[in-house]
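Undergrad: Quick one, structure for this:
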Amino acid sequence: MYKKFTLIIVTVIILFGPMGQFLLFKFTPMYDLNLLTALYNDASWVKEKPKIAIMGSSHARYHIIPSEIAKLNTGYEFKDIVNIGENAASPFEMYISFMKNRDKFTDLETVYYTLEPHMLGEKYYPYNKYESIFLDYKQWKYLEENHKKKNNYFFPFQTFVESLQFSTSDRSKSNGYSALKHQKFNEFSDGKVSKLIYEPLKLFPVSSHGVKYFKMLKEELGKQGTDLIFVLTPTYTWQKYYAKEAKAYDDMLISKLNEALGESIVIGSFWPEDFDLKYNDFKDDTHMADSGAKKFTQAIFSDISIHKKLKTHPIKNTFLYRNKSNKLLCDKVKVVKLNMNVLNWKPANNAQIVLKDKLLEFSAKGIDKFTYLGTKFSDVKDVEMVTLEGGLPLEELKMFSISLRNKKEYAHFFIKENKFNSGTIVLTKKNISKASKDFEFNTFDGITIRLYPRDGGEVHNYKIKSIQFNICARKEKLDEN
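TA: Residues are numbered from 1 along each chain as shown. Alright, predicted model coming up:
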């Protein structure tokens, strides 16, 4: 193999020269010799015949965990689920990888394919080893002048050489998943997403070549009765700018996809809040760290039998999909109530409490920012919702301030008067203060309450009847009991 390609290279250099290599690799099948190497053979390490394959680019490789899917679903073992996603992989790359390993995939029930819009435009060709040959002179010139890319238009032989690949990586230990670690990263800002993805759209439209191979992959899967399901995976801020800046591009994309594929199934979401993802759950703005990948995989793949019941629909704008319910995260919700009489309440110096009949009464004079009512307790984990049930004080309040503690970190909630008419307050991750946006709403070991009267500096007889935690009992925990 190596001798053959060495001979080709030497022959081209000697016989054809600059003009010859341009004509030979631009306009003849010679360029396709690169596919005889290990180029686009991302499933070479697969040994068993899996039931589920995860395909796509880095959003597949780093975001979906085969071992978690196997753990969460009866009837599937680790060997049954593989992730062959690869960095910067195009639909053509996944199609070629599938066809090069067709005999391994005859028993597939489902292919989950991560849909990454920004990788489906012609402006992404420079990152695809094979497809970069498709860029015309005007496109290369624009990339050279505006993105500092080296203009390779007149040197297709160099593009050919750079595409050659003679080895593949073995990812069998994790069945294809690669974990990323969180690190400090910069967020996107106005104008960057549109500039990177498609601008100008007339020069860099959606890739018809990519859409064509989506269709061909779907047809090959259909021949053997394998379902194709698209998966959207979360980003940190990218999705907000994509929704705002790239609608024209996304409209073109979904039009081409619907025309080529017909109705499809799409699951998941670009929006991190749909999966309770925080800053520390991301490696960078477009890739989740291992903690985020676990949350996402558990949320979307906790019961894959549900996916078989989903109906197909025309694809809509990708940024409109939302994971509306977290019901897949929990198999059962249990309630934990704190005993008011057992808790060691600590009021400020200018306040007092009275405990009677499991009811706490709080009063304070000269209220300022240091006036509070607080207590600590043993860790309460896997919390989905916190409810404070009680009665309002004699004075009219303009606001509550409640802080939930997890060791040295705090989640702050500022509840205005229209939210506590009955004296009962419900806290969830959705109404957490922006100042605490990266707080992990999950485990708590303390609470602090501050009351702000509308007039004067006193409150009398504020009552707390109970503090209740709704606990999410996950499937894997139920199995242990």
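Undergrad: Ramachandran angles for the nearest residue to Leu277 once chain neighbours are set aside?
TA: Nearest residue to Leu277 in three dimensions, chain neighbours excluded: Gly292, at 5.1 Å (Cβ to Cβ, 6 or more residues apart in numbering). Yep, even glycine has a C-beta here, placed from its N, CA and C like the rest. Main-chain dihedrals, Gly292, degrees, to the nearest 10: phi -70, psi -40.
Undergrad: Tell me the predicted confidence for Gly292.
TA: Looking at Gly292, its pLDDT reads 95.
Undergrad: for it, what are its contacts?
TA: His63, Pro234, Pro272, Phe275, Leu277, Asp281, Phe282 (Cβ atoms under 8 Å, 6 or more residues apart in numbering).
Undergrad: Which of those sits closest to Met252?
TA: Pro234 (23.3 Å; Cβ to Cβ).
Undergrad: Determine whether the claim that the closest one is in a helix is correct.
TA: No - with DSSP: H, G, I helix; E, B strand; the rest coil as the criterion, Pro234 is coil rather than part of a helix.
Undergrad: That one contacts Asp285, doesn't it?
TA: No - counting by Cβ atoms under 8 Å, Asp285 is not a contact partner of Pro234; they are 10.8 Å apart.
Undergrad: Tell me which of these two has more neighbours.
TA: Higher neighbour count among Pro234 and Asp285: Pro234, with 28 against 17, using other Cβ atoms under 10 Å.
Undergrad: Which residue comes closest to the more buried one once chain neighbours are left out?
TA: Spatial nearest neighbour of Pro234, chain neighbours left out: Pro272 (4.5 Å); criterion: Cβ to Cβ, 6+ apart.
Undergrad: in terms of contact, does that neighbour touch Thr235 like I think?
TA: Yes - under the criterion of Cβ under 8 Å, Pro272 makes contact with Thr235 at 7.2 Å.
Undergrad: Mutual contacts of these two, please.
TA: Phe282.
Undergrad: any idea where the helices of the stretch 151-300 of the chain begin and end?
TA: For the stretch 151-300 of the chain, applying DSSP state H, counting those that start in this stretch gives helices covering 156-163, 192-197, 208-223, 238-245, 247-261, 290-301.
Undergrad: Now render those helices as TSV, adding distance to Leu451.
TA: Below are the helices of the stretch 151-300 of the chain laid out as TSV (distance: least, Cβ to Cβ, whole Å):
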stretch	distance to Leu451
helix 156-163	67
helix 192-197	44
helix 208-223	58
helix 238-245	36
helix 247-261	46
helix 290-301	35
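Undergrad: Please identify the most buried of the ones you listed.
TA: Burial of the helices of the stretch 151-300 of the chain is given as mean neighbour count (mean count of other Cβ atoms under 10 Å); helix 290-301 ranks first at a mean of 22.
Undergrad: now that one, how far from the chain's geometric center?
TA: Centroid separation for helix 290-301 versus its chain: 8 Å, with Cα atoms, centre = their mean, to the nearest Å.
Undergrad: repeat for stretch 158-169
TA: 30 Å.
Undergrad: what's the first-to-last distance across that stretch?
TA: In stretch 158-169, first residue to last residue: 24 Å (Cα to Cα, to the nearest Å).
Undergrad: contacts for that stretch?
TA: Applying Cβ under 8 Å, 6+ apart, the external contacts of stretch 158-169 come out as 1-2, 5, 9, 25, 30-31, 33-34, 37-39, 41-42, 44-45, 129-130, 132-133, 152.
Undergrad: Pull out the buried members of those residues.
TA: 5, 25, 30-31, 33-34, 37-39, 41-42, 44-45, 129-130, 132-133, 152 (16 or more other Cβ atoms under 10 Å).
Undergrad: how much space between the residue most central in space within the chain and Ser302?
TA: Nearest residue to the geometric centre of the chain (Cα atoms, centre = their mean): Pro234, 2.5 Å. Distance of Pro234 to Ser302, given as Cβ to Cβ, to the nearest Å: 16 Å.
Undergrad: ditto for Lys138
TA: 48 Å.
Undergrad: ok, these two, which is more surrounded?
TA: Set side by side, Lys138 and Ser302 show more neighbours around Ser302, with 21 against 10, by other Cβ under 10 Å.
Undergrad: pretty sure Ile54 is touching His63, no?
TA: No - with contact defined as Cβ under 8 Å, Ile54 does not reach His63; the gap is 9.1 Å.
Undergrad: joint contacts of those two?
TA: Thr114.
Undergrad: Show me the domain layout of the protein.
TA: According to automatic domain parsing, the chain comprises the domains 37-129+165-329, 332-480.
Undergrad: tell me the most buried of those domains?
TA: Of those, domain 37-129+165-329 is the most buried (mean count of other Cβ under 10 Å), at a mean of 19.
Undergrad: quick one on the thing from earlier: let me know the pLDDT of the residue nearest to the centre of the chain.
TA: Listed pLDDT for Pro234 reads 98.
Undergrad: how near is Lys116 to Lys346?
TA: One correction, residue 116 is Glu, not Lys. 51 Å.
Undergrad: Lys184 now?
TA: 36 Å.
Undergrad: can you check Asp227 too?
TA: Asp227 is 57 Å from Lys346, by Cβ to Cβ.
Undergrad: Now the host helix or strand of Tyr452 - C-alpha only, CSV.
TA: Following DSSP states H and E, one finds Tyr452 within strand 444-453. This file holds the C-alpha atoms of strand 444-453, laid out as CSV (Å, rounded to 0.1, in the frame of the first residue of the first chain):
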residue,chain,number,x,y,z
PHE,A,444,-28.2,21.1,49.7
ASP,A,445,-27.1,21.3,53.3
GLY,A,446,-28.4,24.6,54.5
ILE,A,447,-31.0,27.4,54.1
THR,A,448,-31.0,31.1,54.9
ILE,A,449,-34.2,33.3,54.8
ARG,A,450,-34.4,37.1,54.8
LEU,A,451,-37.7,39.0,54.9
TYR,A,452,-38.1,42.6,53.6
PRO,A,453,-41.2,44.5,54.9
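Undergrad: Pairing partners for that strand, with directions?
TA: Strand 444-453 pairs in its sheet with strand 373-380 (antiparallel), strand 397-406 (antiparallel), by DSSP bridges.
Undergrad: tell me the mean pLDDT for it?
TA: Taken as a whole, strand 444-453 carries a mean pLDDT of 88.
Undergrad: ok now do Tyr198, which residues does it touch?
TA: Applying Cβ under 8 Å, 6+ apart, the residues near Tyr198 are Gly121, Lys123, Phe204, Pro205, Ala246, Tyr249.
Undergrad: Sort out which one of those lies nearest Met94 for me.
TA: Gly121 (16.8 Å).
Undergrad: ok, now how distant is the closest residue to the closest one other than its chain neighbours from Phe469?
TA: In space, and not counting its chain neighbours, Gly121 is closest to Tyr198: 5.1 Å by Cβ to Cβ, 6+ apart. The gap separating Tyr198 from Phe469 is 47 Å, by Cβ to Cβ.
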